[in-house]
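Colleague: give the three-dimensional model of this entry:
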Amino acid sequence: MFVDVAVGFPIDGLFTYSTDDTSITKGMRVVVNFNNRKTTGYVVHVHDDPPNFDVKPVIKVLDTQPIFDDRLLTLAQFISSHYVCYFGEALGTALPSGKSYNIRTKPFTFGDSSKEVILTEEQEQIYRAIMNQPQKVHCIYGITGSGKTEVYIALAKKMIQQGKAVLYLVPEISISSQMFERLKAVFGQTLVMYHSGMNPNQRLVSWKRFYTGQAMIAVGTRSAIFMQAPNLGLIIIDEEHDSSYKENSTPRYHARTVAWYRHRQEGAMLVLGSATPSLETLYAIQRTSIVQHQLNKRFGTAKLPELEIVTVKASNARTIFSNTLLFSIKKAIEAREQVILLLNRRGFAPVMLCQDCGTAVQCPHCSISLTHHKQKLLCHYCHYETVVPEHCSNCGSKHLVMVGSGTQRVEEVLQKMFPAATVVRLDQDSARRKNFLPAVVNDMMNGNIDILLGTQMVAKGFDFPNVSLVGVMLADIGLLLPDFRAVERTFALLVQVAGRSGRGEVGGKVIVQTINPDNPIFHFLKNHDYMGFCQKELSIRKALNYPPYVRLARLVVRGAKEDIVATVAGQCRDILQELSPQFPDITILGPSQAPLHKIASQYRYHIVLKSNNVEKLSGILAQCKKKVNLQGTYLEIDIDPLDLL
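Modeller: Numbers count the residues shown, from 1 in each chain. A predicted model of the protein is given here:
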């Protein structure tokens, strides 16, 4: 007997092995010798046709029953063609890597409970409207704290009563843990969790329980979108705008796109939700591809927080605290209430700002700020460069500063200013520590933390009823990234972090500090006018021919030797231009140095492609990938990239 297997490597085709084990069927995993190393093979065909070459035997069978079927193979084929990767890579990404499934691997299960979900009139109307149009894609646009989760739970309960399974996606592990606690009270033993914080065997247990129908609802992050069930009835994507749903390595899939495909292929209902829907989703609503439902009131007695914009002159850690913010922190701590502080600092080269008028030094050819780089200022889009100016071009002031101050430095200053307060820092560095995130969530819920300081992680979906103050240390930082989505991303982040305040009986306040209070986004923010902001941003995108009015793809060539990387990038451009008659209406931009030109000793050049037809983008890049001589460099292909850094 022979088996044809796919392997999770960047290589085309299926590979044939022999076996005497008649229990092996399609959908199982086996261990095989591939290129002189043991690797997992995914069984796609079982047959008795001997090939006309010598075959190696299967080393070991990992599963006693299949863990995937034709639906996953079809999905992997879609991922492979849409995101321009190899079939085996797509299958390897989709499936759990756990090897053993035994009693000692403790499944995440809890006692059954039939806790009732009571909906408000507004929530009930949305629930009924969604149930009446299962064939449509739905988006619940609800202000922060409006009770979207209650609608999701009601929909999930209905599905499970009908014998259908539910996938419930959240953007971060920290939120999935908090959401899991909330959902287990409703769904008990029918619930499993699935995310990268679990070990591979725990993930395998969750996968098998969901695949066999023992579990009816799975809560997880991005990778949970591939989980298979006997009868999938509903996919929920909470905080659908969040960039965490986009994978950063091959295949660079977006969970929302995969969910849309499964909705069409498997007939599962698809419900998106957010207080800040992405511009792509709002554009689809305008074109009636998605049905929008609005929740306009906060749940229960909670009210939207009062929002104050405060001007700050400097950006070092000591002077970044305005008197308004310091006084409000002191008042909240004295009242035994909690404070969340956001320092929206992404690890990017410093940007030069005028301290007097708040103007950033910008490229005269592009609507983006210049980046400080080795004693000069550079534009990473058109390569314009200039010396560091002595005066502000807007007001003539000589007070030009580099902005940027890290969370660790701000944490030290806070501890000196409020020595009696418990200050905890939550960022990617601290979150790497084992069990740190669940401990922070518990300590916040139990009132053991006075001030939670962090990067954008603190803005994500948390529900801490005793938080009465949210402070944004410097709202300008994210706006200055050389990326067309910078304004949308920053505004969504500010709305989301503001929504952490005043979710319980305690009233909420938000203080947003900025160097440039005249930026139009602060007007929209103060008025809680997300839709007004989106209409303005959409009009800018339309004028510049950026998504959602066009589809983008990005090809990055990276390698250790810059001259070879530049040569290969030029070769890619030549191949793309040669192919362009077969794929009309594609604009090819570049190659140029990527804004993050060197990462981990790898030089990076990129080419950006624009078209109204995403299949053409995938098609031309697939052809280019086959033709190019990489000369030891590596090719990254990203369809619908979320940033161009």
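
Colleague: longest helix anywhere in the chain?
Modeller: As assigned by DSSP state H, the longest helix anywhere in the chain is helix 562-579.

Colleague: what's that one packed up against?
Modeller: strand 551-559, strand 587-599, strand 602-611, helix 614-627 (3 or more Cβ pairs under 8 Å, 6 or more residues apart in numbering; DSSP states H and E). Just so you know, the C-beta spots here come from the backbone N, C-alpha and C atoms, and that holds for glycine as well.

Colleague: in that helix, which residues are buried?
Modeller: Using 16 or more other Cβ atoms under 10 Å as the test for burial, helix 562-579 gives Ile564, Val565, Ala566, Thr567, Val568, Ala569, Gln571, Cys572, Arg573, Ile575, Leu576, Leu579.

Colleague: now do the strands in the stretch 1-150 of the chain.
Modeller: Counting by DSSP state E, counting those that start in this stretch, the stretch 1-150 of the chain has strands at residues 2-7, 15-18, 29-34, 37-47, 60-61, 137-142.

Colleague: average pLDDT across the shortest one?
Modeller: It stands for strand 60-61. For strand 60-61, mean pLDDT is 96.

Colleague: contacting residues around it?
Modeller: Asp21, Ser23, Ile24, Met28, Arg29, Val30, Val31 (Cβ atoms under 8 Å, 6 or more residues apart in numbering).

Colleague: generate a ChimeraX selection restricted to the buried entries among the residues you listed.
Modeller: The ChimeraX command for the buried members of these (criterion: 16+ other Cβ under 10 Å) is given here:
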select :24,28,29,30
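
Colleague: tell me how far the ends of stretch 271-279 are from each other?
Modeller: End-to-end distance for stretch 271-279: 16 Å, by Cα to Cα, to the nearest Å.

Colleague: on that earlier part again, closest one to Tyr384 among the helices and strands packed on helix 562-579?
Modeller: strand 587-599 (11.5 Å; Cβ to Cβ).

Colleague: summarise which helices and strands the closest one is packed against.
Modeller: Checked by 3+ Cβ pairs under 8 Å, 6+ apart, strand 587-599 has strand 551-559, helix 562-579, strand 602-611 packed alongside it.

Colleague: gap between the longest one and the chain center?
Modeller: Spelled out, it's helix 562-579. Here the centre of helix 562-579 is set off from its chain's centre by 30 Å, with Cα atoms, centre = their mean, to the nearest Å.

Colleague: likewise for stretch 210-224?
Modeller: With Cα atoms, centre = their mean, you get 19 Å for stretch 210-224.

Colleague: span of it from start to end?
Modeller: 11 Å.

Colleague: likewise stretch 193-200?
Modeller: Start-to-end, stretch 193-200 (Cα to Cα) is 12 Å.

Colleague: and stretch 152-170, by the same measure?
Modeller: Criterion Cα to Cα; first-to-last residue distance in stretch 152-170 is 12 Å.

Colleague: now swap in stretch 502-512 and tell me
Modeller: One end of stretch 502-512 sits 15 Å from the other (Cα to Cα).

Colleague: quick revisit: ranking the helices and strands packed on helix 562-579 by burial, who's on top?
Modeller: Among the helices and strands packed on helix 562-579, the stretch with the highest mean neighbour count (mean count of other Cβ atoms under 10 Å) is strand 551-559, at a mean of 23.

Colleague: distance between that one and the chain's centre?
Modeller: Per Cα atoms, centre = their mean, the centroid offset for strand 551-559 relative to its chain is 19 Å.

Colleague: quick one: list the elements packing against it.
Modeller: helix 562-579, strand 587-599, strand 602-611, helix 614-627, strand 634-639.

Colleague: out of these, nearest to Gly478?
Modeller: Nearest of the helices and strands packed on strand 551-559 to Gly478, taken as Cβ to Cβ: strand 587-599 at 14.6 Å.

Colleague: pull up the pairing partners for that closest one, direction included.
Modeller: Applying DSSP bridges, strand 587-599 is found paired with strand 602-611 (antiparallel).

Colleague: dump the strand it pairs with to CSV, restricted to CA.
Modeller: Extracted in CSV, the C-alpha atoms of strand 602-611 (Å, rounded to 0.1, in the frame of the first residue of the first chain):
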residue,chain,number,x,y,z
GLN,A,602,18.8,41.0,6.3
TYR,A,603,18.5,43.8,3.7
ARG,A,604,15.0,44.3,2.3
TYR,A,605,13.8,45.7,-1.0
HIS,A,606,10.1,45.7,-2.0
ILE,A,607,7.8,46.0,-5.0
VAL,A,608,4.1,47.1,-4.5
LEU,A,609,1.4,46.1,-6.9
LYS,A,610,-2.1,47.6,-7.3
SER,A,611,-5.1,46.2,-9.1
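
Colleague: just to revisit the earlier point, ok, the contacts of strand 60-61 vs Gly454, which is closest?
Modeller: The closest of these, once distances to Gly454 are taken by Cβ to Cβ, is Arg29, at 38.9 Å.

Colleague: how close does that closest one sit to Thr587?
Modeller: 43 Å (Cβ to Cβ, to the nearest Å).

Colleague: same question, Ile11
Modeller: On the measure of Cβ to Cβ, Ile11 and Thr587 end up 32 Å apart.

Colleague: kindly report the same for Leu544.
Modeller: Taking Cβ to Cβ, one finds Leu544 at 13 Å from Thr587.

Colleague: now Val510
Modeller: 41 Å.

Colleague: returning to what we had before: among the helices and strands packed on strand 551-559, which is nearest Ile237?
Modeller: Counting by Cβ to Cβ, and looking across all of these, nearest comes strand 634-639 at 18.5 Å.

Colleague: which neighbouring elements make contact with the closest one?
Modeller: strand 551-559, helix 614-627.

Colleague: give me that answer again for 6 Å
Modeller: Packing partners of strand 634-639 (3 or more Cβ pairs under 6 Å, 6 or more residues apart in numbering; DSSP states H and E): strand 551-559.

Colleague: the strand it packs on pairs with which strands, and in what direction?
Modeller: When pairs are called by DSSP bridges, strand 551-559 turns out to pair with strand 602-611 (antiparallel), strand 634-639 (antiparallel).

Colleague: what angle sits between that strand and helix 562-579?
Modeller: Put simply, strand 551-559 runs at 150 degrees to helix 562-579, going by axes from the mean of the first three to the mean of the last three Cα atoms, to 10 degrees.
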